[in-house]
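Quick one, fold the following:
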Amino acid sequence: IEQDIARFGDGFPVIHSFTIPGATELGALLDVSRAIARRVERLYVREKEKRQSGHNDAVVAAYLNRMSSLLFVLARYANHAHGAVEKNPSYA
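Predicted structure coming up:
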């Protein structure tokens, strides 16, 4: 996953603030997928704390975390590939 994050993350600038999701249809679908992946990660960690099992839960938690990062990078990549400009929210 780390290699894919690096491969798809190259080619567009690093962001330093929030961006408005959904600049393209594909980007929006990937943004929704990322939100679902983050929800699964939070549920997993919550359940892991409840059951305190003996198997290597840290690997699963790390995988879920990196998967959501990959979906974020893929959404940015899709938007960039379609020429969409990332927009920052305005708080005015």
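
use CA for all of it now, contacts and neighbours both
Will do.

Distance of Ser33 relative to Leu70?
To Leu70, Ser33 is 10 Å away according to CA to CA, to the nearest Å.

Compare those two (neighbour count), which wins?
More neighbours surround Leu70 than the other of Ser33 and Leu70, with 22 against 17 (other CA atoms under 10 Å).

Contact partners for Tyr77?
Counting by CA atoms under 8 Å, 6 or more residues apart in numbering, Tyr77 makes contact with Phe8, Gly9, Phe12.

okay, the nearest residue to the last one once chain neighbours are set aside: pLDDT?
Spatially, and ignoring its direct neighbours in sequence, Phe12 is nearest to His80 (7.4 Å; CA to CA, 6 or more residues apart in numbering). The predicted local confidence for His80 comes out at a pLDDT of 91.

And Gly22, by the same measure?
82.

repeat for Ile1
For Ile1, the model assigns a pLDDT of 94.

Arg51 versus that one, what's the distance?
In this view, Ile1 and Arg51 are 27 Å apart by CA to CA.

Out of those two, name the residue with the larger neighbour count.
Legend: neighbour count by other CA under 10 Å for Ile1 and Arg51, higher for Ile1 (11 against 8).

got a pLDDT number for Ala35?
The model reports Ala35 with a pLDDT of 95.

quick one, phi psi at it?
Note on Ala35: backbone dihedrals following degrees, to the nearest 10 are phi -60, psi -40.

which residues does it contact?
For Ala35, the contact set (CA under 8 Å, 6+ apart) comprises Ser68.

Check the gap between it and Ala92 for me.
As judged by CA to CA, Ala35 and Ala92 stand 26 Å apart.

ditto for Pro21
19 Å.

Looking at those two, which one has more neighbours?
The residue with more neighbours, out of Pro21 and Ala92, is Pro21; 20 against 3, by other CA under 10 Å.

show me where pLDDT drops low in this structure?
Along the chain, the parts satisfying pLDDT under 70 run over 53-56.

got the residue ranges for the helices in it?
For the chain, the helices defined by DSSP state H cover 2-9, 25-51, 57-81.

Can you add distance to Lys87 and give those back as JSON lines?
Formatted as JSON lines, the helices of the chain follow (distance: least, CA to CA, whole Å):
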{"stretch": "helix 2-9", "distance to Lys87": "18"}
{"stretch": "helix 25-51", "distance to Lys87": "13"}
{"stretch": "helix 57-81", "distance to Lys87": "11"}
